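# okay, sequence plus prediction incoming.
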Amino acid sequence: MENTLPVSHAALLERTAETFHQAYFIYHCGKHQMQYLNQAFREVVGLSREEALADASRLLQQVHPDDHSFLMEQYQKLQGKGTQKGIEVRLVLPGQNLKWVCLSVTVLEEAGERYLCGFAEDVTLRKEYQNNILKFNSKKNSTLEILSHDLAAPFQNIQGMMGMLETEIESASPATVELMDYIKENAKKGSDMIRDFVDNEFLESSQVVLHKERVNIIQKLTIMMDNYQHLGGALLEKNFVAQLPSEPVYVYLDVMKFMQALNNLVSNAIKFTNDTGTITTSLENLDNSVIIKISDDGIGIPEHLQPVLFDKFTKARREGLHGEKSVGLGMSIIKNIVELHKGNIWFESHEGQGSTFFVEVPKA
């Protein structure tokens, strides 16, 4: 069918882009100049078309200092791949809060000239929404683990006390024995129900599809440990310590899955650390990767169980110090999540001295 749109269709496209807050641009690679910017550009980027057309370098001045090197890396990738989608950077605008902008760019050639063509859109509200979800998800995970340990303990105490009563009451009537068995059985069911609920939350979070984004891993680890310090310090009678760099460290992760894996490592440390013990999270920032360490001064892992620790339904599964049960899936799922991020996990452990788990993942 022949195109019947009038010549003014360009103006309609301009208005459409403005309605959806999409800032379209064309950049001449040889001249290092912007050749075209639509009307929505100022609203999205915070710089007038006239200013950007006169000096394209002013756009880079708007970018958050922590994102400069990242943006340059994406530019280099763009030269090789030809197209880059979903490049998210922060802009620092005078008198405003940080703004998140998502760029999608392609390299096009015309008449021997090379251009970068694409669009930018304001994704600040979406990023704030995602950050709130992640924050509350982290608190939910920590709270569940704390409650699972704290609530399971009374059930275990009931079971233990009923066992003591059985030895004390040798000549109890059949009705009394039946009642004591009923109490023991229901205490065990209650304890198992709590642990099953937490385990199911972890299993549901470990689906294989990753949705990776660039995140400040220091911020996420700080939130996780703060939750344990503030919510679990008194209830669990353990010390939670975060030894983390003060500067941001950026890594590409599926935040929910990755942080759930780390949360599960902390949970394991809780299970096998005595009351008043210490659980520490630290991070080593390398050139191309980060190594996250979760250590405890607990009972450690017996040497004969260490080779099979990461096996599915492993024989290394053990009850926790307060009787927390294990189905032997947790460590294999953690390993799977780390490997999906192209990372590695290993550990060092000595009986009676504690354990340290190392998780290394690439930054990009």
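Perfect, thanks for sending it. Only a predicted model underlies this, so the values are computations on that prediction, with no experimental measurement involved.
# neighbours around the residue nearest to Ile337 when sequence neighbours are not counted, how many?
Computed as Cβ to Cβ, 6 or more residues apart in numbering, the closest residue to Ile337 that is not its neighbour in sequence is Ala261, at 4.3 Å. From N, CA and C alone the C-beta is placed, and that goes for glycine too. Ala261 has 27 neighbours, counted by other Cβ atoms under 10 Å.
# His32 is in contact with Asp55, isn't it?
No. Taking contacts as Cβ atoms under 8 Å, His32 lies outside contact range of Asp55: 9.8 Å.
# if you count surrounding residues, which of those two has more?
Higher neighbour count among His32 and Asp55: Asp55, with 14 against 10, using other Cβ under 10 Å.
# any idea how far the more buried one is from Gln33?
9 Å (Cβ to Cβ, to the nearest Å).
# list the contacts of the residue positioned nearest the centre of the chain.
For the chain, the residue nearest the mean C-alpha position is Val255 (2.3 Å; Cα atoms, centre = their mean). Applying Cβ atoms under 8 Å, 6 or more residues apart in numbering, we find Val255 in contact with Leu134, Glu213, Val215, Lys220.
# do Cys117 as well
Neighbours of Cys117 in contact, by Cβ under 8 Å, 6+ apart: Phe25, Ile26, Tyr27, Val105, Thr106, Val107, Leu108.
# now, among those, which is nearest to Asn268?
Closest to Asn268 out of the contacts of Cys117 is Val105 (43.4 Å), distances taken as Cβ to Cβ.
# quick one: which of the contacts of Cys117 sit in strands?
Under the assignment DSSP state E, these contribute Phe25, Ile26, Tyr27, Val105, Thr106, Val107, Leu108 to strands.
# now the strands for the protein?
Assigned by DSSP E, the chain shows strands spanning 22-28, 33-37, 83-91, 99-110, 113-122, 213-216, 239-243, 250-253, 278-285, 289-296, 344-350, 354-362.
# could you chop this protein up by domain?
Following automatic domain parsing, the chain resolves into domains at 9-122, 127-362.
# least confident of those, on average?
Comparing mean pLDDT across those, the lowest value falls on domain 127-362: a mean of 78.
# follow-up on the earlier one: I'd like to know which of the ones in strands among the contacts of Cys117 is nearest to Ile292.
When those are ranked by distance to Ile292 (Cβ to Cβ), Val105 comes first, at 32.3 Å.
# any idea what the residue lying closest to that closest one once chain neighbours are set aside is bridged to?
Sequence neighbours aside, Gly118 is the residue nearest to Val105 in space, at 3.6 Å (criterion: Cβ to Cβ, 6+ apart). Under the criterion DSSP bridges, Gly118 forms beta bridges with Phe25, Val105.
# isn't Gly118 right up against Tyr24?
Yes. Using Cβ under 8 Å, Gly118 makes contact with Tyr24 at a distance of 7.4 Å.
# more crowded one of these two?
Gly118 (22 against 19).
# how about that one, what does it touch?
Tyr24, Phe25, Leu103, Ser104, Val105, Thr106.
# before we move on, what about Met225?
Contacts for Met225 were tallied using Cβ under 8 Å, 6+ apart; they are Phe240, Val241, Ala242, Thr281.
# go with 7 Å
Phe240, Ala242, Thr281 (Cβ atoms under 7 Å, 6 or more residues apart in numbering).
# what does Val290 give?
Listed by Cβ under 7 Å, 6+ apart, the contact partners of Val290 are Ile217, Val249, Val251, Leu283, Glu284, Val361, Lys363.
# and if we set it to 10 Å?
Residues near Val290 by Cβ atoms under 10 Å, 6 or more residues apart in numbering: 217-218, 245, 249-251, 283-284, 343, 359-363.
# again, but for Ala56
Contact analysis of Ala56 by Cβ under 10 Å, 6+ apart lists Phe25, Tyr27, His28, Lys31, His32, Gln33, Met34, Gln35, Leu37.
# now the fourth one. Its backbone dihedrals?
Here is the backbone geometry of Lys31 (degrees, to the nearest 10): phi -90, psi -10.
# out of the domains of the chain, deepest packed?
Highest mean neighbour count of the domains of the chain: domain 127-362, a mean of 17 (counted as mean count of other Cβ atoms under 10 Å).
# Glu113 and Cys29, how far apart?
Distance from Glu113 to Cys29, by Cβ to Cβ: 8 Å.
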